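> just need the structure, nothing else, for what follows:
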Amino acid sequence: MQWVVEQINTFKPDVIVSVHAPYHLLDYDGPPEPPERIGELHLLGVYPGSLGNYAGINLGIPVITMELPSAGIMPNNDQITKMWNDLLEWLYEHHDS
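The predicted structure is shown next:
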């Protein structure tokens, strides 16, 4: 965790996107309003974990965790494109930088 803290302090991100598997959902911590969905991943709610608590709650840096359906099978190209477009749309709507 210390390495992650150092990276956040050095890089000073506006948003953190974390990709996990295999829960097939979207988790969000921090301001502003969360995205309703990214691709086929729908917002299940706010379930703060250590990164979400630290960056999203304590530092106010939005943390989007995309839980892919499988750890062994990547989404197809169409799904990846839809996820990327939804993520960019949400970023453009909610962040100036």
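> residues contacting residue 16?
Applying CB atoms under 8 Å, 6 or more residues apart in numbering, we find residue 16 in contact with 8, 51, 55-56, 61-64. In this view, the C-beta of every residue, glycine as well, is placed from N, C-alpha and C.
> out of these, the closest to residue 77 would be?
residue 64 (20.9 Å; CB to CB).
> include distance to residue 38 and neighbour count when you put the contacts of residue 16 into a markdown table, please.
Formatted as a markdown table, these follow (distance: CB to CB, whole Å; neighbours: other CB atoms under 10 Å):
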| residue | distance to residue 38 | neighbour count |
| --- | --- | --- |
| 8 | 21 | 16 |
| 51 | 17 | 18 |
| 55 | 18 | 22 |
| 56 | 16 | 24 |
| 61 | 17 | 20 |
| 62 | 13 | 25 |
| 63 | 13 | 24 |
| 64 | 7 | 24 |
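> just give me the neighbour total for the residue lying closest to residue 86 once chain neighbours are set aside.
Nearest residue to residue 86 in three dimensions, chain neighbours excluded: residue 38, at 4.4 Å (CB to CB, 6 or more residues apart in numbering). Per other CB atoms under 10 Å, the neighbour tally for residue 38 reads 23.
> hmm, residue 38 is touching residue 90, no?
Yes. Counting by CB atoms under 8 Å, residue 90 is a contact partner of residue 38 at 7.3 Å.
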